[in-house]
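Chemist: Sequence and computational prediction follow.
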Amino acid sequence: MSPIASLPQRQPESLALSQAPARTPELSVIVPTFKESGNVAALVQRLDAALEGHDWEAIFVDDDSPDGTWENVKAIAATDARVRCLRRVSRRGLAGACIEGMLSSSAPYVAVMDADLQHDENLLPRMLATLKRDETDLVVGSRYVEGGSAHSFSKSRGVISRAAAGLARLWTHVELTDPMSGFFMMRRDRFDPLAASLSIQGFKILLDIIISAKGALRIVEEPYVFGSRTYGESKLDAQVGLDFFGLLLTKLTGGAVTPRFLSYALVGTIGLSVHLAVLRTALLGFGMVFAQAQAVAALAAMTGNFLLNNSLTFREKRLTGFAMVKGLFGFYAISSVGALTNVGVASWLYAYEPVWWLAGLAGALMGVVWNYSMSTLLVWRAK
């Protein structure tokens, strides 16, 4: 026997891997986070108690929180194999975080809940039991079904939440008391086919799932009491409401209009008001000639539009420092070309169809589309 033949044969790497023990959790709990460093340890402890006897994992999807949330999660994950951290850099948004988290799971059931300790983790076993009966595809934690409560809401937030829920029910034709809930669990085999049609922008991932499913999901609601936040700050602001209407418009137009484009267009509308106000002040208050007043008004409007878009429309790509100055001058250049495009399209259309409002609207729309496309590509491009 040759020396070579007597050596132990190395197994192919694929075979060695196939023989390694596999651990596939029964349930993946997806927790999108941004600036929740003070809550993650408490949430893991609560999940441990609530899901005793179940094989589970918690996937924290963090949008590069400046308070070190992702560092806290990774420190816990170093000693607890049930905890994972997905740190997203240069992108932000609850919907996108939830989608990435669910797609990263191989568990047959996936749940989504917030990290702020306001969702009742004790509801998770009941949700899981409901899904296992194979009569349900999606279980929604509801604050408004009998037995649930949203008493911790401020009066204004409660009114907004109920109004949005009513509008969502009208839109989807699905009889849910809380279609705006951020607390739900579903079968992953029912989520995967929907993933490609979901919007990564905005905050209302459940509503998007329901709309995209087109009535094909068997849904059950379970009541829970919405708790009070003890650490961190609420993410509910004007942008959330804008994202909600943007999502509905996106679905209505088949994706032609996105929440971000809607935000950009609304900022442009505000900019028009600023332009007219500054123009009037320059003409009547400072006695400028029209050409000078128009130039000052245009500059003020473009500057205001840039600042608002930087804070709202493109907030996950927000520019700071020198990049902000560079972006501002780039925005000036793009907006100037957009203004010329506006006038050119309007003049061309008016020459063929002399209807002033139609020509003006077409020119304005073309200008907005140009500005949005070029700003997305050149000013607020992915870092």
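Modeler: In hand now; what should we look at?

Chemist: switch to C-alpha atoms for all contacts and neighbour counts from now on
Modeler: Will do.

Chemist: How far off centre is the host helix or strand of residue 359?
Modeler: Element membership for residue 359, per DSSP states H and E: helix 356-374. Here the centre of helix 356-374 is set off from its chain's centre by 27 Å, with C-alpha atoms, centre = their mean, to the nearest Å.

Chemist: Give me the contact list for that helix.
Modeler: Helix 356-374 is contacted from outside by 261, 264-265, 268, 334-335, 338-339, 341-347, 349-350, 353, using C-alpha atoms under 8 Å, 6 or more residues apart in numbering.

Chemist: make it 10 Å
Modeler: 260-261, 264-265, 268, 330-331, 333-353, 375-381 (C-alpha atoms under 10 Å, 6 or more residues apart in numbering).

Chemist: In PyMOL, how would I select the buried members of these?
Modeler: Buried members of those can be picked out in PyMOL with the line below, counting by 16 or more other C-alpha atoms under 10 Å:
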select buried, resi 260+261+264+265+268+330+331+334+335+336+338+339+341+342+343+345+346+347+349+350+375+376+379+380
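
Chemist: Sitting in helices, which of the contacts of helix 356-374 do you find?
Modeler: Counting by DSSP state H, the contacts of helix 356-374 place 260-261, 264-265, 268, 330-331, 333-352 in helices.

Chemist: Which parts of the helix holding residue 359 count as buried, going by neighbours?
Modeler: Within helix 356-374, the residues scored as buried using 16+ other C-alpha under 10 Å are 359-360, 362-372, 374.

Chemist: repeat for stretch 272-279
Modeler: So for stretch 272-279, counting by 16+ other C-alpha under 10 Å, buried means 272, 274, 275, 278, 279.

Chemist: Check the gap between the last one and residue 334 for me.
Modeler: In this structure, residue 279 and residue 334 are 21 Å apart, going by C-alpha to C-alpha, to the nearest Å.

Chemist: And residue 358, by the same measure?
Modeler: In terms of C-alpha to C-alpha, residue 358 sits 24 Å off from residue 334.

Chemist: List the strands paired with the helix or strand containing residue 141, with their directions.
Modeler: Residue 141 belongs to strand 138-142 when elements are defined using DSSP H and E. Applying DSSP bridges, strand 138-142 is found paired with strand 184-187 (antiparallel), strand 219-223 (parallel).

Chemist: Turn these into CSV, columns for mean neighbour count, distance to residue 139 and mean pLDDT.
Modeler: Converted to CSV, these look like this (neighbours: other C-alpha atoms under 10 Å; distance: least, C-alpha to C-alpha, whole Å; pLDDT from 0 to 100):
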stretch, mean neighbour count, distance to residue 139, mean pLDDT
strand 184-187, 24, 5, 97
strand 219-223, 19, 5, 93
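
Chemist: Kindly confirm my reading that residue 116 forms part of a helix.
Modeler: No. Judged by DSSP: H, G, I helix; E, B strand; the rest coil, residue 116 forms no part of a helix; its state is coil.
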